[in-house]
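Student: sequence and predicted structure below; questions after.
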Amino acid sequence: MREKRNLLVLICVIISLLPCNKTYAYEGSRYNKSTSVERDPSSIIKVSTKEYPFVIVVEKSTNRLLLYKVDNDIPLLLKVYDSATGEGGGDKQKSGDKRTPEGIYFTTGVMGRSELDKQYGIMALPLNYPNPVDRLEGKSGNGIWIHATFKPSVSDYGYSKGCVVLSNADIINIGQYVRIEETPVIIFDRISHISTNKKKRMADILTNIIMDWKRTWENKELDRYMAYYSMVFRSDGKDWNAWREHKRRLNEQYRKISVSIDALNIFTYNGIAVVSFKQIYNSDKFSSDGFKRLYLRKEKDDWKIISEEFREPDISQNIKLVSLIEEERQKKETKKLVATPERSHKPKALKSESQDIAIEQFKAERSGDRLNITFKLTNKTQNGKLLSGRLAIIGKGINAVSYPAMRLRGDEPLNYREAEWYSIRRFKIVKGSLSASGLQTVMVIVYSRNGEILIKREFYAREEKTQG
């Protein structure tokens, strides 16, 4: 009996020493290590935007902000940031409840430190709360931002009055991945997940709906067109009947209507789908070019449009965001030089090209005024050990440009830490896009984790392919 008891105690001790079943996120990952099964965030259904394919996800229950890059509709976790959210629990309902709203939102602008009270740190990115769905549900309030804090860490900040709070350093870091009015910010209490097959089915269904909606619009099939709209529809102060009358008058006024849809993105949350895309509208009397968002809700077995929004592009806010980030980075670099002049993030010189990693299948393709770069970064180590570091793509010509956006001195990055992160055991398909204007050559620089240059290769900026 005593031997059995001792054996039971020993088994319990062994079990207690085994690693617990936690989920770990790492850069470039879409895997849950506790299950080894692909599990994508349930809200990221389809992302076709190539230039800025980033999605921000906030999980209130863990006070984390997660940054995803979507490649071929696969969300890859790039970075995780500590954050603070509202003091009140649950979804925001009204002004003053100190809750952080839950749903799908978009940034509407940017404010720098000169426009903000000190409590909001060096930068703020306002969100479009209440969005059309919130208004239909009778929710109220405003002034929901992602903003910074001068506190030493976000944990020192405590709770917000409903905003999402990041450290000063982190909001600058994440700002480089944001396009105003385009980058979605999806706020969960706790992130839910979806299987790849279910996500693809949903993407196909919603894409087909949108493309048929577009065809009925172009063909002036008013009854079929309005069948895609819910009876609770509201937009621009119009209900379903007023919207139908508005479209009837336009159909009579215009002889021909043409609608072009590009960069279609689909996000879902709690039974709501948000479909965003670039829309070009042409008729014999009117034309427009901008961003359209359709808000859909499932009614019985059919998805119905409950609201829509259209925004003409305003590049001024994106220019302002880039300028503010550059201004804050320069201030930070100046402080570093004054405090520790011997410290530098300048990369170490290339002695000889590394044999452990290689650039293969380089391809440059022009699309309009962009040069799209694709290549395979391959791990050449014998034992397949994990290699990680950063990489930059520099376009050289009349003016030097970079992917990702980096500060350059001539055609060299000032700080290798601004380059894109990689982590590979076998290979990584790298995709980048540069302004093609005046480009003559493209240089790819691959750094180790500590900034040593492993590879520095230059290619012609014409359409070409190479094996290595």
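Tutor: Now that the structure is in, tell me what you want to look at.
Student: where exactly do the strands run in the stretch 51-200 of the chain?
Tutor: Counting by DSSP state E, counting those that start in this stretch, the stretch 51-200 of the chain has these strands, from start to end: 54-59, 64-71, 74-82, 103-106, 111-112, 123-126, 145-147, 164-165, 184-188, 193-194.
Student: highest mean neighbour count out of these?
Tutor: Comparing those by mean neighbour count (mean count of other Cβ atoms under 10 Å), strand 164-165 ranks first with a mean of 28. C-betas here are computed from N, CA, C, even on glycine.
Student: pLDDT wise, what is the most centrally placed residue in the chain at?
Tutor: The chain has Phe54 as the residue nearest its centroid, 1.8 Å off, counting by Cα atoms, centre = their mean. Predicted confidence (pLDDT) for Phe54: 94.
Student: swap in the one 4 residues further on?
Tutor: Note on Val58: pLDDT of 97.
Student: and for it, nearest residue in space, chain neighbours not counted?
Tutor: Of all residues not flanking Val58 in the chain, Ile187 sits nearest, at 4.5 Å (Cβ to Cβ, 6 or more residues apart in numbering).
Student: if we can go back for a sec, which one is the residue nearest to the centre of the chain nearest to, not counting chain neighbours?
Tutor: Of all residues not flanking Phe54 in the chain, Tyr177 sits nearest, at 4.3 Å (Cβ to Cβ, 6+ apart).
Student: tell me the contacts of the one you found?
Tutor: Contacts here follow Cβ atoms under 8 Å, 6 or more residues apart in numbering; on that basis Tyr177 touches Tyr52, Phe54, Ile56, Leu67, Leu78, Thr183.
Student: my guess is the last one contacts Ile104. True?
Tutor: No: counting by Cβ atoms under 8 Å, no contact exists between Thr183 and Ile104, whose distance comes to 11.4 Å.
Student: contacts for the longest helix along the chain?
Tutor: Determined from DSSP state H, the single longest helix within the chain is helix 315-339. Defining contact as Cβ under 8 Å, 6+ apart, one finds that helix 315-339 is touched by 109-110, 112, 122-123, 168, 172, 175-176, 178-181, 343, 405, 407, 415.
Student: return a ChimeraX selection command for the buried portion of these.
Tutor: Selection command for ChimeraX covering only the buried members of the contacts of helix 315-339, criterion 16 or more other Cβ atoms under 10 Å:
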select :109,110,112,122,123,168,172,175,176,178,179,180,181,415
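Student: where does pLDDT dip in the chain?
Tutor: For the chain, applying pLDDT under 70 flags the ranges 1-38, 333-352, 398, 438, 461-468.
Student: not counting its neighbours along the chain, what's nearest Met261?
Tutor: Wrong residue type there; residue 261 is Ile, not Met. Ile261 sits nearest to Phe277 (Cβ to Cβ, 6+ apart), 5.0 Å away.
Student: just the helices in this structure please.
Tutor: 2-17, 132-136, 154-157, 168-175, 196-218, 222-226, 240-253, 315-339.
Student: pull out the buried residues from the longest one.
Tutor: Buried positions in helix 315-339, judged by neighbour count with 16+ other Cβ under 10 Å: Gln317, Asn318, Leu321, Leu324, Ile325, Glu328, Arg329.
Student: what separates the fifth one from Tyr177, distance-wise?
Tutor: The gap separating Ile325 from Tyr177 is 11 Å, by Cβ to Cβ, to the nearest Å.
Student: cool, and the second one?
Tutor: Separation of Asn318 from Tyr177 (Cβ to Cβ) stands at 12 Å.
Student: ok, now the fourth one?
Tutor: Plainly put, Leu324 is 14 Å away from Tyr177 if you go by Cβ to Cβ.
Student: what do you get for the first one?
Tutor: Separation of Gln317 from Tyr177 (Cβ to Cβ) stands at 15 Å.
Student: likewise Ser192?
Tutor: From Ser192 across to Tyr177, the span is 23 Å (Cβ to Cβ).
Student: so where do the strands sit in the stretch 301-450 of the chain?
Tutor: Along the stretch 301-450 of the chain, counting by DSSP E, counting those that start in this stretch, strands occupy 302-311, 357-367, 370-379, 387-397, 401-403, 408-409, 412-413, 420-424, 427-435, 439-448.
Student: quickly run through the sheet partners of the fifth one, with directions.
Tutor: Pointing back at strand 401-403 there. Sheet pairing here is set by DSSP bridges, and for strand 401-403 it gives strand 387-397 (antiparallel).
Student: report the buried residues of the strand it pairs with.
Tutor: Using 16+ other Cβ under 10 Å as the test for burial, strand 387-397 gives Leu387, Gly389, Arg390, Leu391, Ala392, Ile393, Ile394, Gly395, Lys396, Gly397.
Student: now render these as JSON lines, adding distance to Leu136.
Tutor: Formatted as JSON lines, the buried residues of strand 387-397 follow (distance: Cβ to Cβ, whole Å):
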{"residue": "Leu387", "distance to Leu136": "50"}
{"residue": "Gly389", "distance to Leu136": "48"}
{"residue": "Arg390", "distance to Leu136": "45"}
{"residue": "Leu391", "distance to Leu136": "45"}
{"residue": "Ala392", "distance to Leu136": "45"}
{"residue": "Ile393", "distance to Leu136": "44"}
{"residue": "Ile394", "distance to Leu136": "48"}
{"residue": "Gly395", "distance to Leu136": "46"}
{"residue": "Lys396", "distance to Leu136": "51"}
{"residue": "Gly397", "distance to Leu136": "50"}
